[in-house]
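**Q** Pasted the sequence and its predicted model underneath.
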Amino acid sequence: MKKYLSLIVISIVLFSFTKLFAEEAWEFIKSDEYCYIQSFPAKTEIPDGKLRGSHGLIVYRMHKSSELFIQITAGFNYKSPESVEVNIDDGSYEFYSDASDTAWAKDDKKAIYAMKKGLSFITTGISNKGTKVTDTYTLKGFTAAVNKLTSDC
């Protein structure tokens, strides 16, 4: 009996830590004009000695609007509008840039649907200096975060 009780307690503790970690991967922010959820890469591949600015992944919506938008901030200016590649698990999704440090989804609804079902969101971008950078984001906790975004904003 004690053996089973111990297993149950360990399972509950592990589940709680997993849930806590997943929720911390996505942060909810609310302002007067808009709300968003944000995450930062769990893993980054960048050549040694190369630097970049602030970077992250956000999903946002303006108040009084039901539309959600995905935005990647790379921390460097993209080489061209096509120099960003996004994969959600095994699927490829079209994103574009105006050669700034920001990229947006061509079909936000399709990408958000995949993000809710997926485990990882991988961006690969080429900087205007030719540097290839790959960021991997976890999608654990994304569905709960996006649900909070749609209900609390």
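**A** It's in.
**Q** the bottom helix or strand of the chain by mean pLDDT?
**A** The helix or strand of the chain with the poorest confidence is helix 2-24; it has a mean of 38 (mean pLDDT, DSSP states H and E).
**Q** buried residues in the helix or strand just after that one?
**A** Toward the C-terminal end, the helix or strand that comes next after helix 2-24 (DSSP states H and E) is strand 27-30. Within strand 27-30, the residues that count as buried by 16 or more other Cβ atoms under 10 Å are Phe28. For every residue, glycine as well, the C-beta is placed using N, CA and C.
**Q** Which elements pack onto strand 27-30?
**A** Using 3 or more Cβ pairs under 8 Å, 6 or more residues apart in numbering; DSSP states H and E as the contact test, the elements touching strand 27-30 are strand 34-39, helix 142-152.
**Q** any idea of the mean pLDDT for the shortest one?
**A** So the one you mean is strand 34-39. For strand 34-39, mean pLDDT is 96.
**Q** I'd like the distance from it to the chain centre, please.
**A** Offset of strand 34-39 from its chain centre (Cα atoms, centre = their mean, to the nearest Å): 10 Å.
**Q** quick one: buried residues of that strand?
**A** Judged by neighbour count using 16+ other Cβ under 10 Å, the buried positions of strand 34-39 are 35-39.
**Q** Contacts for it, please.
**A** Defining contact as Cβ atoms under 8 Å, 6 or more residues apart in numbering, one finds that strand 34-39 is touched by 25-29, 56-63, 137-138, 142, 145-146, 148-149, 152-153.
**Q** can you give me the angle it makes with helix 142-152?
**A** Counting by axes from the mean of the first three to the mean of the last three Cα atoms, to 10 degrees, strand 34-39 lies at 170 degrees to helix 142-152.
**Q** Tell me the strands beside strand 34-39, with direction?
**A** If you go by DSSP bridges, strand 34-39 pairs up with strand 27-30 (antiparallel), strand 56-62 (antiparallel).
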